[in-house]
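**Q** need a 3D model of the following:
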Amino acid sequence: MKEIVVISGKGGTGKTSITAALAFLAGKDAVVADCDVDAADMHLLMQPDFARSEDFYSGEVAEILQDECTQCGKCMEVCRFDAISIIDEQYWVDPISCEGCGYCARVCPTETIFNKDLNVGKWFISSIKTGTKMVHARLGIGADNSGKLVAKVKNEAKQLAKELDKEYILIDGSPGIGCPVVSSLSGADFVILVTEPSVSGIHDLKRVYELVKKFHIPAGCIINKSDLNSQKSQSILEYLKEKDIVHLGSYTYDEAFTKSMTQGLTLMEWEDTGSSDKIRESWDKTKQILNTL
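**A** Below you'll find the model as predicted:
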């Protein structure tokens, strides 16, 4: 079983669209995981049934027992996050601002403040249209700990892939280099970097590859919308050669990406285009590389 993570240095490169197309090509051989929990959207293209749903708890939040509160105000005085305020002559905790440190509970003379586990989102296991399973999640609005939710999604996907004897785990990771990306990369066998020929695209490609390199994970790269700036595309190719990153393919700008998405379809389900052929070639290259690892 091989774990493939698709990431990008910045948003808007077409990462999720390409991942969904690869998932369609992998079909029943792969368990799919959407680890872009801050802005999950793989479900828009994979038609999950949300058969299994569980709340995800991470961290703590303070709560005040209003009937027993003497309104001394000590909790508000010590809260360094300004999470406690007076509303209708009662002290209330803002769950978004509260960091769950527990200091307010320590100074409360009547012990009417306690910390409770914080529900930060949900995770799901679904059957999808390719005849396999997808593990995905939704992070709550303003919630932290997305890295832990990513770890939960990945662990569930691994366990499911073992149980179902799947050949691949295909993961749609988050853009950037933050905690969710680090969590996505942990334990991966191969990384696919999706970039675009722009100043920010090149800059963020270099930045995210420096992170991948720290994990000692072999990497390949797809240049999306490669014809928008041929000079920048050439610069990317030179960088890939310099860093020994496999060039998995260059895709020209294709409105079929957008047209297929608006219909809830992957590009591979749309009319035959040059891009769909390129994606198929990229998947074949990826499988060849995985066979050598």
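
**Q** wait, Leu248 touches Val194, no?
**A** No. The criterion here is CB atoms under 8 Å, and Leu248 misses it with Val194 at 9.4 Å. (Glycine included, C-beta is placed from N, CA and C.)

**Q** any shared contact partners between the two?
**A** Listed as contacting both Leu248 and Val194 by CB atoms under 8 Å, 6 or more residues apart in numbering are 221-222.

**Q** so what's Asp227 closest to, chain neighbours aside?
**A** Spatial nearest neighbour of Asp227, chain neighbours left out: Thr252 (4.3 Å); criterion: CB to CB, 6 or more residues apart in numbering.

**Q** so that neighbour is in contact with Ser226, correct?
**A** Yes. Counting by CB under 8 Å, Ser226 is a contact partner of Thr252 at 5.9 Å.

**Q** higher neighbour count, those two?
**A** Neighbours were tallied for Thr252 and for Ser226 using other CB atoms under 10 Å; the higher tally belongs to Ser226 (22 against 15).

**Q** tell me the pLDDT of the residue nearest to Asp227.
**A** Looking at Thr252, its pLDDT stands at 94.

**Q** and for Asn145?
**A** Predicted confidence (pLDDT) for Asn145: 66.

**Q** where do the strands sit along the stretch 151-293 of the chain?
**A** For the stretch 151-293 of the chain, applying DSSP state E, counting those that start in this stretch gives strands covering 168-175, 190-195, 219-224, 246-251.

**Q** quick one: distance of the longest one to the chain centre.
**A** In this view, strand 168-175 has its centroid 7 Å away from the chain centroid, taken as CA atoms, centre = their mean, to the nearest Å.

**Q** kindly export that strand (C-alpha atoms) in PDB.
**A** Provided in PDB are the C-alpha atoms of strand 168-175 (Å, rounded to 0.1, in the frame of the first residue of the first chain):
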ATOM      1  CA  TYR A 168      -3.100   3.300  -2.800                       C
ATOM      2  CA  ILE A 169      -4.200   6.000  -0.400                       C
ATOM      3  CA  LEU A 170      -4.600   9.200  -2.400                       C
ATOM      4  CA  ILE A 171      -4.700  12.400  -0.200                       C
ATOM      5  CA  ASP A 172      -5.700  15.900  -1.100                       C
ATOM      6  CA  GLY A 173      -3.600  18.000   1.200                       C
ATOM      7  CA  SER A 174      -3.800  21.600   2.200                       C
ATOM      8  CA  PRO A 175      -2.000  24.400   0.400                       C
END
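
**Q** list the strands paired with that strand, with their directions.
**A** Strand pairing for strand 168-175, using DSSP bridges, gives strand 2-8 (parallel), strand 30-34 (parallel).

**Q** direction included, what does the longest strand along the chain pair against?
**A** In the chain, with assignment by DSSP state E, the single longest strand is strand 113-127. Strand pairing for strand 113-127, determined by DSSP bridges: strand 52-64 (antiparallel), strand 133-139 (antiparallel).

**Q** nearest to Met1, of those?
**A** Proximity to Met1 (CB to CB) singles out strand 133-139 among those, at 13.7 Å.

**Q** residues of the closest one that come out buried?
**A** By neighbour count on 16 or more other CB atoms under 10 Å, the buried set for strand 133-139 is 133-139.

**Q** is it possible to get JSON lines of the residues you listed that adds pLDDT and distance to Gln263?
**A** Shown next, in JSON lines, are the buried residues of strand 133-139 (pLDDT from 0 to 100; distance: CB to CB, whole Å):
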{"residue": "Lys133", "pLDDT": "98", "distance to Gln263": "23"}
{"residue": "Met134", "pLDDT": "98", "distance to Gln263": "19"}
{"residue": "Val135", "pLDDT": "98", "distance to Gln263": "24"}
{"residue": "His136", "pLDDT": "97", "distance to Gln263": "20"}
{"residue": "Ala137", "pLDDT": "94", "distance to Gln263": "25"}
{"residue": "Arg138", "pLDDT": "91", "distance to Gln263": "23"}
{"residue": "Leu139", "pLDDT": "88", "distance to Gln263": "27"}
